[in-house]
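**Q** Any chance you could fold what I've pasted below:
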Amino acid sequence: MPGLIQNRTDHEPTSLNTMVFADLVSQRPTDRALRILDLGTVRQSTIDFFSDYHCHILVTGLCDDYVPGEGLGKQTLKQCQQLIKQDISRHSNNHYDLILFWDLLNYLDKDHVPLLVAPLLPVLTSATRCHSFLYTTANRPSRPGGFEIVSREQMILVPGTTEQNHSKSITQTTLGKFLPHYKTLRTVLMRNGTQELAFEVQN
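**A** Numbers count the residues shown, from 1 in each chain. Prediction:
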């Protein structure tokens, strides 16, 4: 069943059936290298998974820089923007095909979402696909988790901390208000309240 959650406890790794991610990967271009922007942590499973594809991946480590109660500072976002500019300058293809947000959007105030997306706008086109996990429940770990890719259809969510926060859930409606030309492409709601989402945002 799509989105099945297996062996779930509050602080243990959780198995996710990632059908939306599988769809996005299957739509990769065949005439050139796949360009990927990973806003999460450097993980060997991500490197190993995409090593089977003809691709180029930039990992920014933004999730590592998140500070509970403070979010992402302007300096951190500027550094991310500089990384992206340097990466783009090395390649003739000046946009990304796939941007992996992981669960980072859940940890940003709605006013901070545009600040995160601003450095991404120059590298977004109608061909860019974005992938994210949204938490629809009020309680969640106080910092972003890590995602181990097992296969196209399965990931393991490792909570970033055992500390829980109570906060409002970010929704597709919120994203639509603050992201230019936002469009949901596909979404699957899992049994534990996690929503796997594919969307596009255009400059």
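
**Q** Listing request: residues of the protein with sub-threshold pLDDT.
**A** Applying pLDDT under 70 to the chain flags the ranges 1-11, 69-71, 92-93, 110-111, 166, 203.

**Q** And for Thr18, nearest residue in space, chain neighbours not counted?
**A** Closest residue to Thr18 apart from its sequence neighbours, by CB to CB, 6 or more residues apart in numbering: Met155 at 5.1 Å. In this view, the C-beta of every residue, glycine as well, is placed from N, C-alpha and C.

**Q** Revised request: answer the last question for Ile156.
**A** Ile156 sits nearest to Glu148 (CB to CB, 6+ apart), 4.2 Å away.

**Q** what sits against the one you found?
**A** 13, 43, 45, 155-156, 158 (CB atoms under 8 Å, 6 or more residues apart in numbering).

**Q** Check whether it sits in a helix, strand or coil.
**A** strand (DSSP: H, G, I helix; E, B strand; the rest coil).

**Q** now it: how far from Asp97?
**A** For Glu148, the distance to Asp97 equals 22 Å [CB to CB, to the nearest Å].

**Q** Residues touching stretch 161-172, excluding its own?
**A** Against stretch 161-172 from outside (CB under 8 Å, 6+ apart): 10-11, 68, 105-106, 108, 110, 113, 134-143, 182, 184, 187, 197, 199.

**Q** 10 Å instead?
**A** With contact meaning CB atoms under 10 Å, 6 or more residues apart in numbering, stretch 161-172 is reached by 10-12, 68-69, 105-110, 113, 132, 134-145, 174, 177-178, 182-184, 187, 193, 195, 197, 199.

**Q** what packs against the longest helix along the chain?
**A** Counting by DSSP state H, the longest helix found in the chain is helix 74-89. Packed against helix 74-89, as judged by 3 or more CB pairs under 10 Å, 6 or more residues apart in numbering; DSSP states H and E, are the following elements: strand 34-38, strand 55-59, helix 113-117.

**Q** Give the full set of residues in contact with His112.
**A** Here His112 is in contact with 71-72, 77, 105, 178 (CB under 10 Å, 6+ apart).

**Q** Pretty sure the residue nearest to Thr18 sits in a helix.
**A** No - with three-state DSSP as the criterion, Met155 is located in strand rather than a helix.

**Q** what's it in contact with, if anything?
**A** Met155 sits in contact with 13-18, 21, 45-46, 49, 102, 133, 146-149, 196, where contact means CB under 10 Å, 6+ apart.

**Q** Just the ones of those residues in helices?
**A** 21, 45-46, 49.

**Q** Which one (most neighbours) among those residues?
**A** Phe21 (24 neighbours; other CB atoms under 10 Å).

**Q** I'd guessed that one sits against Cys130; true?
**A** No - counting by CB atoms under 10 Å, Cys130 is not a contact partner of Phe21; they are 11.4 Å apart.
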